[in-house]
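Q: missing the sequence, but the structure's below:
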């Protein structure tokens, strides 16, 4: 049995992993101590498992394509007085094998055994196939 759990989340508005990375590093104001965080209303009940090696897996344009290690969860109280959870993420975005994913609201837990494998460092810079094509190939078992 694994001692960590992951999250899966849609990267709303991103057309590519590169665009998501640019947003996090250059345009988003969601930074704490120099690190990007994803803000959510719901506090994950499985916090200890998330910060014990868990990652957030990003769905971009309908395909799970990348992940980031979760560093910690920080409490943030908004101007409206509502408590929110800042999921503080490692700056490294790790490409994963591509898997199709239907849209959903919010975030979901993702068991380690259900998570796609990381692409090796040698494949990180390969010319990327369009997500739709890579997903179709994954569905028929080519990837």
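A: Arrived safely. These numbers come from a predicted model, not from an experiment. Residues are numbered from 1 along each chain as shown.

Q: need the longest strand for the chain.
A: strand 63-77 (DSSP state E).

Q: for residue 18, give its distance to residue 96.
A: Note on residue 18: its distance to residue 96, by C-beta to C-beta, to the nearest Å, is 15 Å. C-betas here are computed from N, CA, C, even on glycine.

Q: more crowded one of those two?
A: Neighbour totals were compared for residue 18 and residue 96, and residue 96 leads with 20 against 13 (other C-beta atoms under 10 Å).

Q: so what's that one closest to, chain neighbours aside?
A: Distances taken as C-beta to C-beta, 6 or more residues apart in numbering put residue 116 closest to residue 96, at 4.3 Å, once the chain neighbours are dropped.

Q: burial of the one you found, as a residue count?
A: 20.

Q: isn't there a helix covering it?
A: No - looking at residue 116 with DSSP: H, G, I helix; E, B strand; the rest coil, it is coil, so not inside a helix.

Q: what's the helix or strand for residue 86?
A: strand 83-89 (DSSP states H and E).

Q: show the average pLDDT along that strand.
A: Averaging pLDDT along strand 83-89 gives 95.

Q: now swap in stretch 94-114 and tell me
A: 92.

Q: any idea how far apart the tips of that stretch sit?
A: Stretch 94-114 has an end-to-end distance of 17 Å (criterion: C-alpha to C-alpha, to the nearest Å).

Q: and it, which residues are buried?
A: 94-96, 98-99, 101, 107, 110 (16 or more other C-beta atoms under 10 Å).

Q: ditto for stretch 80-99
A: Quick answer for stretch 80-99 (16+ other C-beta under 10 Å): 85-89, 93-96, 98-99.

Q: related to what we said a few turns ago, for residue 56, see how far away the residue nearest to residue 96 is.
A: Counting by C-beta to C-beta, the separation of residue 116 from residue 56 is 13 Å.
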